[in-house]
Structure formats: structure tokens, C-alpha cells
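A.B. asks: sequence unavailable; structure follows:
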């Protein structure tokens with residue numbers, strides 16, 4: 001086996017292990033979205049509005065802190081950042097079982113937001129360090145797919161175990177699981193950390209100092225990441241609402257009555273199951289000779305069609321298939337846009353991926369607030385989803401110039 005093949009295998013293993021470490025850290029966070037709306041009194045909370053703030057504060061904390069995390073990764077090895085992320089994740093998850101009360105949980109969730117920022121940016125940097133243009137999409141799909149399995153485990157087993165044993169012991173158990181990420185980091189993440197990625201920023205001395213980091217392709221992919229995150233957050237946050245309003249009796253198909261929340265959770269679990277396979281497959285396609293731009297345009301068109309079809313009244317089974325189709329377009333777009341962000345991060349990996357993380361976090365936080373504000377003003381779900389569909393069309397259309405350049409064999413700054 002050649003040195004190049006060995007390095008490739010080591011890189012793939014490192015990406016998978018960082019995904020696994022991220023997934024282990026996610027057990028507790030994913031569990032809360034299922035159990036806290038029901039078992040909030042066990043946490044010492046006094047009302048449901050506190051539940052909503054507890055579940056969202058971690059996203060808003062990440063917005064101002066992501067630049068600080070990026071600054072730290074410019075000065076610390078990747079391994080150090082991941083160690084800190086695992087320790088914070090374990091502390092906060094176990095803390096759900098140790099401390100009670102609104103103030104304590106606000107602090108815990110804010111600390112979890114820091115942990116996930118460290119983990120997410122560290123994961124992006126690992127993919128950049130271990131990949132090149134020929135395999136970056138596949139490795140990004142693998143990373144995203146593996147960590148999403150952690151969400152699946154947290155939702156599934158948290159929902160089963162908490163009613164049996166209570167919130168406190170299961171939270172402590174999940175906190176201990178998070179600690180198992182420490183030996184994985186020690187074994188599979190090199191001590192050199194992000195040096196290979198950061199060298200893209202520092203190599204060349206004065207030449208790089210004067211390089212233009214915020215080029216048009218960089219700005220464009222950051223905005224694209226913001227829009228894609230916002231649109232899919234809108235869809236995910238309104239899925240239970242759509243089910244309840246469209247099928248008010250709960251009878252969905254074959255005479256089986258399923259609540260909107262259970263069905264929405266099941267559909268999300270199905271996405272988590274296919275993510276490691278579909279994400280890698282879409283990523284591998286984008287690594288091929290056709291490139292990522294045609295697939296981005298195709299996925300945007302597919303998402304536009306799905307969003308336009310979802311509010312149309314149809315047989316329940318057909319509607320469920322449309323929902324799964326929309327979620328598959330989400331897997332495709334996320335994988336491709338993440339890989340494109342890594343492609344354009346050549347000039348300054350930490351700075352660009354930090355900005356991209358801020359954009360996607362902002363979209364995930366703004367999407368639900370935006371759609372429920374619109375619904376609260378009687379705007380209606382149909383026009384809202386049609387506007388989302390139109391935005392997807394605009395995303396795909398905005399890359400027509402880059403598509404023509406690739407067809408002519410010309411290089412553009414995102415390659």
C-alpha cells in the first residue's frame with residue numbers, strides 16, 4: 001500500500017471518528033427536544049415558555065461566539081478544541097441530571113452551545129485537512145451522516161428510557177457516553193491538529209497577508225448556507241403543525257391513528273438513518289467530473305418542487321412520500337453546500353468556515369421564528385412555502401454563471 005493510500009485511509013478514519021465524537025456528544029441535546037416539553041417539571045422549570053427558551057438559547061449563544069471559536073482554532077491544535085468540546089458536552093449533559101431550575105439550565109444550555117461550536121467548526125476543519133477536490137464531498141457527507149446518528153440515538157433512546165427511569169439518571173448516563181469521545185480523539189486525531197488547514201492561511205507570509213479572503217465565491221456560499229439553513233429550518237419546525245392542520249383527525253393511512261408529534265419525530269428519525277448513506281452518495285457524485293454546481297442547481301430545483309407540493313391536499317401516503325422527498329433534498333443540498341464552502345475555504349480555512357457556521361446557525365435560529373411570526377399574522381402556510389420554493393429557484397439560478405464557466409472548462413475561484 002502506497003503512502004498516499006495510507007494517508008487517504010487515515011484521513012477517512014479521522015473524519016468518521018470526529019463525526020462519531022460529535023454524535024456521542026449530541027445524545028443529551030437530541031434527547032431534550034423529545035422529553036423536556038413533557039418532563040419539564042423534573043428539571044425544576046416552572047412554565048412552558050421556559051422550555052422554549054432553554055431549547056433555543058444554545059443556538060443564539062453560538063452566533064456571537066463562533067468568531068471567538070474560530071480565533072481560538074487559529075491558535076490551538078484541533079485536538080485541543082475537540083477535547084474541550086467533549087468535556088463541555090459531558091459536563092452539560094450530565095448537568096441536566098444534577099442541577100435543577102431555570103437559571104442553572106440556561107447556563108448549561110449556553111455551555112452546550114459553546115461545546116457544539118467547538119465540535120462543528122472542528123469537524124469542518126478535519127474534513128478540509130483530510131480531503132482534496134476529489135473526495136471532499138464524500139467525506140463531508142460521511143461526517144454529517146455519522147454525527148446525525150447521534151441525534152437519532154438521543155431521540156430514540158431518550159424517548160424510551162426517560163419515561164422508564166426518569167430524566168436525571170438518563171442525562172447522567174448520556175453524559176458518560178459523551179466522555180467516550182476522549183479516547184477516540186486521542187487515537188485518531190493527529191497532534192498536528194489544524195496545522196495543515198491553517199497553513200493555507202499562513203503559508204506564503206506577506207503574499208497571503210494581502211490575499212483577498214472575502215471573494216465573491218466565499219460571500220456567495222456563506223449567503224447560500226444561510227438561506228438553505230433558514231428554508232429547511234422553516235420546513236422542519238412546521239412539520240408537526242402541517243400534519244396536525246392537514247390531518248386533524250390524526251388518521252393518516254391504513255386506518256392507523258398517529259399523533260402529529262410522533263409522526264414528525266419518526267420522519268426525522270428516518271432522515272437520520274439514511275443520512276450516512278445518502279450523504280456519502282451525494283457527496284461522491286459531487287466529487288465526480290460534473291462537479292458540484294450542476295448538483296447544487298438540481299437539488300435546489302428538486303427542493304423548490306417539494307416545497308410547492310407539500311401544502312397541496314393529497315392522499316396521506318402520497319403526502320408522506322413528498323415529505324420524505326423534501327428531507328432527501330435537504331440531505332443533498334446540505335452535503336453539497338458544505339462541500340462547496342470547504343472548497344472556497346482554501347485562502348483561510350478557519351475564518352471562512354467560522355463565517356459559514358455563523359450563517360448556518362443564524363438560519364437555523366431565524367427560520368422557525370420567521371415562519372411562526374408569519375403564521376401568527378394569518379399569512380398562511382401555502383404562500384409561505386411557495387415563497388420558500390421561489391427562493392430555492394433563485395439559489396439555483398444564481399449559480400448559472402459558474403455553471404457556464406465549468407461547461408466551457410474555465411476555472412472559477414470556488415474550485
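C.D. replies: Cool, the structure landed. A quick note: this is a predicted structure, and the numbers were derived from the prediction, not measured.

A.B. asks: any idea how far residue 91 is from the residue most central in space within the chain?
C.D. replies: A centroid search over the chain (Cα atoms, centre = their mean) returns residue 144, at 7.1 Å, as the residue closest to the centre. Distance of residue 144 to residue 91, given as Cβ to Cβ, to the nearest Å: 25 Å. No exception for glycine: its C-beta is placed from N, CA and C like everyone else's.

A.B. asks: just to revisit the earlier point, surely the residue nearest to the centre of the chain meets residue 336?
C.D. replies: No: between residue 144 and residue 336 there is no contact under Cβ atoms under 8 Å: 10.9 Å.

A.B. asks: tell me how far the helix or strand where residue 28 lies lies from the chain's centre.
C.D. replies: Using DSSP states H and E, residue 28 maps to helix 3-39. Taking Cα atoms, centre = their mean, to the nearest Å, one finds the center of helix 3-39 at 11 Å from the center of the full chain.

A.B. asks: show the average pLDDT along whatever helix or strand comes next after that helix.
C.D. replies: From helix 3-39 onward toward the C-terminus, using DSSP H and E, the following helix or strand is helix 48-73. What helix 48-73 shows for mean pLDDT is 85.

A.B. asks: now do helix 48-73: distance to the chain's middle.
C.D. replies: For helix 48-73, the distance to the chain centre is 14 Å (Cα atoms, centre = their mean).

A.B. asks: so where do the strands sit in this structure?
C.D. replies: 251-253, 256-257 (DSSP state E).

A.B. asks: who's in contact with residue 381?
C.D. replies: 238, 241, 242, 245, 311, 375 (Cβ atoms under 8 Å, 6 or more residues apart in numbering).

A.B. asks: need the contact list for the fourth one.
C.D. replies: Contacts of residue 245 were listed using Cβ under 8 Å, 6+ apart, and they are residue 381.

A.B. asks: pLDDT below threshold where in this structure?
C.D. replies: 1-8, 190-211, 246-262, 346-347, 408-415 (pLDDT under 70).

A.B. asks: domains in it, by residue range?
C.D. replies: 3-203, 216-407 (automatic domain parsing).

A.B. asks: show the end-to-end separation of the last one, please.
C.D. replies: Think domain 216-407. 20 Å (Cα to Cα, to the nearest Å).

A.B. asks: between the helix holding residue 28 and helix 48-73, how many degrees?
C.D. replies: 160 degrees (axes from the mean of the first three to the mean of the last three Cα atoms, to 10 degrees).

A.B. asks: which residue ranges of the stretch 101-250 of the chain form helices?
C.D. replies: 102-130, 136-165, 167-179, 181-188, 195-202, 206-209, 216-246 (DSSP state H, counting those that start in this stretch).

A.B. asks: can you list these in JSON lines and add distance to residue 366?
C.D. replies: Compiled in JSON lines, the helices of the stretch 101-250 of the chain are given as follows (distance: least, Cβ to Cβ, whole Å):
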{"stretch": "helix 102-130", "distance to residue 366": "16"}
{"stretch": "helix 136-165", "distance to residue 366": "21"}
{"stretch": "helix 167-179", "distance to residue 366": "28"}
{"stretch": "helix 181-188", "distance to residue 366": "30"}
{"stretch": "helix 195-202", "distance to residue 366": "29"}
{"stretch": "helix 206-209", "distance to residue 366": "34"}
{"stretch": "helix 216-246", "distance to residue 366": "6"}
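
A.B. asks: out of the ones you listed, which gets nearest to residue 283?
C.D. replies: helix 136-165 (3.2 Å; Cβ to Cβ).

A.B. asks: how far is the closest one from where the chain is centred?
C.D. replies: Worked out by Cα atoms, centre = their mean, helix 136-165 lies 12 Å from the chain centre.

A.B. asks: do stretch 156-170 as well
C.D. replies: 25 Å.

A.B. asks: and that stretch, what's buried?
C.D. replies: 156, 157, 158, 159, 161, 162, 167, 168, 170 (16 or more other Cβ atoms under 10 Å).

A.B. asks: the first one reaches residue 269, doesn't it?
C.D. replies: Going back to what we said before, that points to residue 156. Yes: here residue 156 lies in contact with residue 269, judged by Cβ under 8 Å, at a distance of 6.4 Å.

A.B. asks: what sits closest to residue 368 if chain neighbours are left out?
C.D. replies: Among residues not flanking residue 368 along the chain, residue 237 sits closest, at 3.7 Å (Cβ to Cβ, 6 or more residues apart in numbering).

A.B. asks: contacts only, for the one you found.
C.D. replies: 367, 368, 371, 372.

A.B. asks: check residue 314 too.
C.D. replies: Counting by Cβ under 8 Å, 6+ apart, residue 314 has contacts residue 322.

A.B. asks: for it, phi and psi?
C.D. replies: Backbone geometry at residue 314, expressed as degrees, to the nearest 10, gives phi -160, psi 170.

A.B. asks: ok, now how distant is it from residue 149?
C.D. replies: Taken as Cβ to Cβ, the span from residue 314 to residue 149 is 31 Å.

A.B. asks: coming back round to it: looking at the contacts of residue 381, state which has the most neighbours.
C.D. replies: Ranked by neighbour count (other Cβ atoms under 10 Å), those have residue 238 at the top, with 21 neighbours.

A.B. asks: perfect, I'm done here.
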